[in-house]
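Enquirer: output the structure for:
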Amino acid sequence: MTSFRNRVLQGFFCDLGGTYVLRLITFSVSIFLARILDPSDFGIVGIVLAINGFATILIDFGFSSAIIHSRDISDRSLSTVFYINLIFALTSTTVLILLAPALSVFFENGALSTVFRAISLVF
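Expert: The predicted structure is shown next:
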């Protein structure tokens, strides 16, 4: 029982540490970009990254967490999750590339179209 408790606590603190490190890096990059970009350019990047972040959440659907918490993981399960994530990522990239001109018109900024198309390749 003690071993299980130690593993749970170790996993909790490892996940918590990883989350805070990721947020610290994101915050640092945001500060860096705010310093080197004009306010209008920083706004463009902010809009694109907000939509990109939302799409990234939709791509995973919690499959990674399900695999991590599963006791019995088969090769078939891993393969299925891989291909599902790949299909969602390719679909998200395609949709964002196709919607880039419409999003550019919606936000009334012609430069957004190019930035959306470039960032969509991250998926």
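
Enquirer: the longest helix along the chain - contacts with which helices or strands?
Expert: Counting by DSSP state H, the longest helix found in the chain is helix 2-36. Using 3 or more CB pairs under 8 Å, 6 or more residues apart in numbering; DSSP states H and E, the elements in contact with helix 2-36 are helix 39-60. Every C-beta, even on glycine, is put in place using the N, C-alpha and C of the backbone.

Enquirer: so what's the gap between the helix or strand following the helix it packs on and the chain middle?
Expert: The helix or strand immediately downstream of helix 39-60 is helix 63-69, counting by DSSP states H and E. Mean-position distance between helix 63-69 and its chain equals 16 Å (CA atoms, centre = their mean, to the nearest Å).

Enquirer: still on that earlier bit, the longest helix of the chain vs helix 39-60, what angle?
Expert: With axes from the mean of the first three to the mean of the last three CA atoms, to 10 degrees applied, the angle from helix 2-36 to helix 39-60 works out at 150 degrees.

Enquirer: name the SS class of Ile73, please.
Expert: For Ile73, the secondary-structure state derived from DSSP: H, G, I helix; E, B strand; the rest coil is coil.

Enquirer: roughly how far apart are it and Leu22?
Expert: 24 Å (CB to CB, to the nearest Å).

Enquirer: likewise for Phe82?
Expert: Distance from Phe82 to Leu22, by CB to CB: 22 Å.
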